[in-house]
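> Next comes the sequence, and after it the predicted model I'd like to discuss.
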Amino acid sequence: MFKRILIANRGEIALRVIRACRELDIESVVVYSKADANAPWLDLADDAICIGPAPSAKSYLSIPNIISAAEIANVDAIHPGYGFLSENAHFAEICRSSNIEFIGPSVDAIHRMGNKSEAKAAAKKAGVPLVEGSDGPVASEAVALETARKIGYPVLIKAVSGGGGRGMRVAHNDISLVNSLLSAQAEAEAAFGDPSVYLEKYLEAPRHVEIQIVGDRRGEVVHLGERDCSIQRRHQKVVEEAPSPALSPDLRKKMGRAAVRLAKEVGYHGAGTVEFLVQGKEFCFIEVNARIQVEHPVTEMLTRVDLVKTQILVAAGEPLPFKQDDITFEGHAIECRINAEDPDRGFAPSPGLITVYAAPGGPGVRIDSHARAGYRIPPNYDSMIGKLIVHAADRDQAIRRMRRALDEYQIEGVKTTIPLLRRILGNSYFTAGDYSTRFLDQMLSAESSAR
Ligand code: ADP
């Protein structure tokens, strides 16, 4: 087992990994940028090393700075968290060639899953249903037009190397497709360093349902059920829950098996998520996230499996400590992402000093957050300051528990999305479980027309 792990991330996920290390008797060394020099999670790690100035490109994304820190700290492994370098195959390769284990899948699997059109090809080979679309990246305007006519409008232009819900464009006809294609390519090049794009049929009101998987280096892969992440803003998740109100036992079984087939097809080890869109009784693959996800606690509450500890164990070469039949699901879990954003200013980030902070507690409530009173949220990074997760015997009780916990949550000094979350949890479509990825836009536009 590892003796010391470097955590190449910040905020709540750095804290989450520190906690897993502590429970495993592994020392944790956390890196930080100058903007995070006084951050509260640094005190909880065994050591902390500054890796550069505030801009991520010069700190959390700087491979040489992170590798130097790892060498100085003499660690056995690096946990990349999510975002930043977590799905960077080049980084994983450099770690391993420096004799430092990268806590994640193989370089080849990261590479193949990071390229969405290769991931779709692997899914097809594994017999996993796909959203209709182009065969690989679209090489020219003519191919794009031909594909769109074949699959029918509306179509979605997506970046092959995309992520974070960015750079997607819907086209409703030939003219908008031609107009959007060039700008989508330019945007993809600027954001992801790769201009290639592909086309998918744009589903009007799907649900986003994903399957958590975990595999070891011996080829064993287990799935840990689904998470419904359809409550989104600008293609980014806001509320997640499990079990999904939309899945029948039969569909759940099929999706779990499909995710495992795909993972085995690419020799996947570590934790990962296979994402699908669901419409009625049909499901189709969209992408794989080859890392731990923000919403992993939802699955941890339901299965009692610690996913971060499992990541560390399998990265150290241990076999999975459970088999598929050992995984059971109990009750219902919901997660709300707490973002420091101002809902009255188009959800603009709201960094600054947290003056009052009182987190909820009581039965079935979990908080994964680095926030506290006196913490100054820097303007340089993601606006998520924590996650509130509840677990209860069934969906109705989980909703009541989440409402109660949101009411207890007090954060002052910065604006947060808590008022928005309260409205979502009180919405009758949400409580009926009757929602798609369009839900939040529809709720917000209904609210603004009522004003
Ligand atoms: P990213 O990697 O940028 O997060 P995804 O492929 O995971 O991109 O898609 C993010 C979200 O965009 C999905 O959860 C869904 O809401 C929406 N989306 C993606 N593909 C489609 C599609 N073909 N039709 C409709 N919505 C889609």
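Structure's in. What do you need? Residues are numbered from 1 along each chain as shown.

> Could you use CA atoms for every contact and neighbour count after this?
Noted.

> max-length strand in this protein?
Longest strand in the chain, counting residues (DSSP state E): strand 221-233.

> near the ligand, which residues of this structure?
Taking Cα under 6 Å from any ligand atom as the contact definition, the chain meets the ligand at 156, 162-166, 200-204, 208, 235, 286-287, 437.

> just to revisit the earlier point, give the buried residues for the following helix or strand past the longest strand of the chain.
Note on strand 221-233: by DSSP states H and E, the next helix or strand toward the C-terminus is strand 236-242. Using 16 or more other Cα atoms under 10 Å as the burial criterion, the residues of strand 236-242 that qualify are 237-242.

> how about the CA coordinates for the helix or strand following strand 236-242, as CSV?
Following strand 236-242 in sequence order, the next helix or strand is helix 249-265 (DSSP H and E). Taking C-alpha atoms only, helix 249-265 is exported to CSV below (Å, rounded to 0.1, in the frame of the first residue of the first chain):
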residue,chain,number,x,y,z
PRO,A,249,-35.5,-2.6,-12.8
ASP,A,250,-35.0,-4.1,-16.3
LEU,A,251,-33.6,-0.8,-17.7
ARG,A,252,-31.3,-0.4,-14.7
LYS,A,253,-29.9,-3.9,-15.2
LYS,A,254,-29.3,-3.4,-18.9
MET,A,255,-27.5,-0.1,-18.3
GLY,A,256,-25.3,-1.5,-15.6
ARG,A,257,-24.3,-4.4,-17.8
ALA,A,258,-23.7,-2.2,-20.7
ALA,A,259,-21.4,0.0,-18.6
VAL,A,260,-19.4,-3.0,-17.4
ARG,A,261,-19.1,-4.3,-21.0
LEU,A,262,-17.7,-1.0,-22.2
ALA,A,263,-15.2,-0.8,-19.2
LYS,A,264,-14.0,-4.3,-20.0
GLU,A,265,-13.7,-3.5,-23.7
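
> Give the other helices and strands that helix 249-265 contacts.
Helices and strands touching helix 249-265, by 3 or more Cα pairs under 8 Å, 6 or more residues apart in numbering; DSSP states H and E, are helix 116-125, strand 207-215, strand 221-233.

> Using neighbour counts, pick out the buried residues of whichever helix or strand comes after that helix.
Next along the chain after helix 249-265, taking DSSP H and E as the criterion, comes strand 270-279. With burial defined by 16+ other Cα under 10 Å, the residues of strand 270-279 counted as buried are 270-279.

> what do you get for stretch 154-169?
Of the residues in stretch 154-169, 154-163, 166-169 count as buried by neighbour count, 16+ other Cα under 10 Å.

> for stretch 256-266, same thing?
For stretch 256-266, the neighbour count (16+ other Cα under 10 Å) marks 256-264, 266 as buried.

> Outside of it itself, list whatever touches it.
109, 122-123, 125-128, 211, 213, 215, 219, 221-226, 269, 274 (Cα atoms under 8 Å, 6 or more residues apart in numbering).

> And stretch 152-160, end to end?
21 Å (Cα to Cα, to the nearest Å).

> outside of it, which residues touch it?
Stretch 152-160 is contacted by residues 115-117, 137, 148, 167-173, 181, 184-185, 188, 194-203 when judged by Cα under 8 Å, 6+ apart.

> Pull out the buried members of those.
Using 16+ other Cα under 10 Å as the burial test, these include 115-117, 137, 148, 167-171, 181, 184-185, 188, 194-203 as buried.

> so who does the residue nearest to the spatial centre of the chain touch?
The chain has Gln293 as the residue nearest its centroid, 3.7 Å off, counting by Cα atoms, centre = their mean. Contacts for Gln293 (Cα under 8 Å, 6+ apart) come out as 82, 272-273.

> Just confirm it is within a strand.
No. Looking at Gln293 with DSSP: H, G, I helix; E, B strand; the rest coil, it is coil, so not inside a strand.

> how much space is there between it and the ligand?
According to Cα to the nearest ligand atom, to the nearest Å, Gln293 and the ligand sit 11 Å apart.

> again with Pro243
For Pro243 relative to the ligand (Cα to the nearest ligand atom), the value is 17 Å.

> returning to that earlier point: quick one: which of the contacts of Gln293 is nearest Ala315?
Gly272 (13.1 Å; Cα to Cα).

> My read is that the closest one contacts Arg291, right?
Yes. Between Gly272 and Arg291 there is a contact under Cα atoms under 8 Å: 5.1 Å.

> still on that earlier bit, output the buried residues of stretch 154-169 as TSV; include the columns pLDDT and secondary structure.
Shown next, in TSV, are these (pLDDT from 0 to 100; DSSP: H, G, I helix; E, B strand; the rest coil):
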residue	pLDDT	secondary structure
Pro154	97	coil
Val155	97	strand
Leu156	97	strand
Ile157	96	strand
Lys158	95	strand
Ala159	94	strand
Val160	93	coil
Ser161	91	coil
Gly162	88	coil
Gly163	86	coil
Arg166	81	coil
Gly167	78	coil
Met168	91	coil
Arg169	93	strand
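
> Nearest to Glu300 among those?
Gly163 (24.0 Å).

> Sticking with Asp407, tell me its helix or strand.
helix 395-408.

> Tell me how far that helix lies from the chain's centre.
Helix 395-408 sits 23 Å away from the centroid of its parent chain (Cα atoms, centre = their mean, to the nearest Å).

> For it, which helices and strands make contact with it?
Judged by 3+ Cα pairs under 8 Å, 6+ apart, the packing partners of helix 395-408 are strand 332-339, strand 384-392, helix 418-426.

> continuing past that helix, what's the next helix or strand?
Reading on from helix 395-408 to the C-terminus, the next helix or strand found by DSSP H and E is strand 410-412.

> Run a quick check on Met113 versus Ala290, I expect a contact.
Yes. Applying Cα under 8 Å, one finds Met113 in contact with Ala290, separated by 6.8 Å.

> Bridged to Glu101, which residues?
Ala77 (DSSP bridges).

> residue contacts, it?
By Cα under 8 Å, 6+ apart, the neighbours of Glu101 are 76-78, 95, 315-316.

> repeat that with 7 Å
By Cα atoms under 7 Å, 6 or more residues apart in numbering, the contact list for Glu101 reads 76-78, 95.

> Highest neighbour count among those residues?
Within the contacts of Glu101, most neighbours by other Cα atoms under 10 Å means Ile78, with 27 neighbours.

> Just give the closest residue to that residue, not the sequence neighbours.
Excluding its sequence neighbours, the residue lying closest to Ile78 (Cα to Cα, 6 or more residues apart in numbering) is Leu6, at 4.7 Å.
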